[in-house]
Each structure stands twice: as C-alpha cells, then as structure tokens.
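K.L.:
model the following, please.
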Amino acid sequence: MHTFYVKNIEEKTTFSETESKHAVKVLRLKNGDKVRLVDGNGTEAFSTILSDHHKYCEVVVDKVIKDDKKQFKIAVAIAPTKSNDRTEWFLEKAIEIGLTDFIPIICKNAERKKFNEARWEKVAIAALKQSQRLWKTTIHKPIKLDAFLNTNFDGLKSIAYCGEFDKEAFKNKVDANKNQLILIGPEGDFTPNETALAFKQGFSPVTLGENRLRTETAGVVACTLMKFA
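P.N.:
I've put the predicted structure just below:
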C-alpha cells in the first residue's frame, strides 16, 4: 500500500498538488484504490481514493491510528558538508534509521554557509514515507555553533571530536530510553575554542571508533548507535 504525506488528516482529505501528481500520474492510482496517509505527528490513516484528479486527489478515511508512545529525541547537530548531495544522503539515511532532530550548525571551519532548507524538507518527507515512520523529523533552522550551545537540551549531550582528549566510546554512552544529542563538526573539525565552549556547556567528548569518518558517515553511525542502543 502506497504512503502519502498530508499535514492534516480529516474524514475527507485532499492531497497537495505534488502528492496528487505522484499518486495519479506516477503510480496511476484510481478511484477505489487503498492508500495510507501519515501526518508526521504520529497519526496514520488507511483510506480510499474518491477522486483521482492529478492536482487535487481526494480520499475518504476508513481507519485512523494514533501513536501515543513517548518519543525520545535522537538529535544530531552537524555541520553541513560542502557537497549538498552528501548532506542530503546523511539526512535521508539518518531519518530512515530514526533521527528526530536535524540541526545544521555553522562552525568556523564550515565548508558551507548557504543552505537549501526547502530541499531538506522534501528529503525529510520522502524519507518519512520510505521508512514507514509516523513522526516527521524536525528540520531546524541553521544556527551558529555558539548560539546553539546556549540553548537547552534535556538529555545526554556528546561531541565527536578528533582532538587529543580522554574520550568515551560513544557506543558505551548511548541510551535509547533518554533524549540524546551529538555534535558533529565539519571536515576540518571543531576548533579548540569551539570544543572548550561545548565542554563548558556539558557536552562530553566521545569517539565513534578507530577509523576516520567523513562528516556525513559519522552522522549516520552516531544516529544508528543512538537508535539501537
């Protein structure tokens, strides 16, 4: 059964033009076909197509299921890579794994400082549908690292850093029954001043393993460990 994203699920729901085109023109769905809706806020609905119009496909909802289970945060604050494709790859794979919050951070050694946030939202919706998740990942506004470090986060806070510090293996620190946040820097890593500020704000230095990882690979590894701890 094909899945579609709608912001508000009602007894009769009309798809956006983008989702309508995908349903009718691409998938060639017709009146009477069964589809699944998700709103990204824990609700899914099993529905029947009433009007197979390629600009405003309408469905009637047959059954609604709400996920009320507590959602612990799996948050990654990461410096977007110079290549947009690599950042989008990270975002897609991390969302499929279970990423709840994507926080693009701007660091001194950042390779990119201009971002296509609309594109990130599209990637997030596509990955939501692909992975059959019920909760849409929150795409936060890009923020300078020092400003982000002054925000509150109630949970485990870690920073993946290549510098010479006593670091705990991240796999030994993660806890899927708590909110979790990890900072991952650019290819040039965090500066000593940035790491000092992170330590001051309660972030613990961690290692993701012996191998040197690309920024986007480190993000996927960290997300996997947080999800399946």
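K.L.:
could you list the domains of this protein?
P.N.:
3-66, 74-227 (automatic domain parsing).
K.L.:
which of those domains is buried the deepest?
P.N.:
Of all the domains of the chain, domain 74-227 has the most neighbours on average by mean count of other C-beta atoms under 10 Å, namely a mean of 18. Quick note: C-beta positions are derived from backbone N, CA and C, even for glycine.
K.L.:
partner strands of the helix or strand bottoming out on mean pLDDT in the chain, parallel or antiparallel?
P.N.:
Every helix and strand in the chain was compared by mean pLDDT, DSSP states H and E; the lowest is strand 168-169, with a mean of 90. The pairing partners recorded for strand 168-169 under DSSP bridges are strand 204-207 (parallel).
K.L.:
relative to the whole chain's centre, how far out is the partner strand?
P.N.:
A distance of 22 Å separates the centroid of the chain from that of strand 204-207, by C-alpha atoms, centre = their mean, to the nearest Å.
K.L.:
beyond that strand, next helix or strand please.
P.N.:
Downstream of strand 204-207, the first helix or strand assigned by DSSP states H and E is helix 215-227.
K.L.:
mean pLDDT lowest where, among the domains of the chain?
P.N.:
Lowest mean pLDDT of these: domain 74-227, a mean of 93.
K.L.:
helices of this structure, start to end?
P.N.:
Assigned by DSSP state H, the chain shows helices spanning 17-21, 84-97, 117-131, 145-149, 170-173, 192-200, 215-227.
K.L.:
among those helices, which comes closest to Glu10?
P.N.:
Nearest to Glu10 among the helices of the chain is helix 17-21 (14.8 Å), distances taken as C-beta to C-beta.
K.L.:
can I get the helices of the chain in CSV including distance to Phe46?
P.N.:
Output for the helices of the chain, formatted as CSV (distance: least, C-beta to C-beta, whole Å):
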stretch, distance to Phe46
helix 17-21, 16
helix 84-97, 22
helix 117-131, 15
helix 145-149, 40
helix 170-173, 38
helix 192-200, 45
helix 215-227, 27
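K.L.:
mind checking which of these is nearest His54?
P.N.:
Closest among those, using C-beta to C-beta: helix 17-21, at 5.4 Å.
K.L.:
could you list the residues in contact with the closest one?
P.N.:
Phe4, Tyr5, Val6, Thr14, His53, His54, Lys55, Tyr56, Cys57 (C-beta atoms under 8 Å, 6 or more residues apart in numbering).
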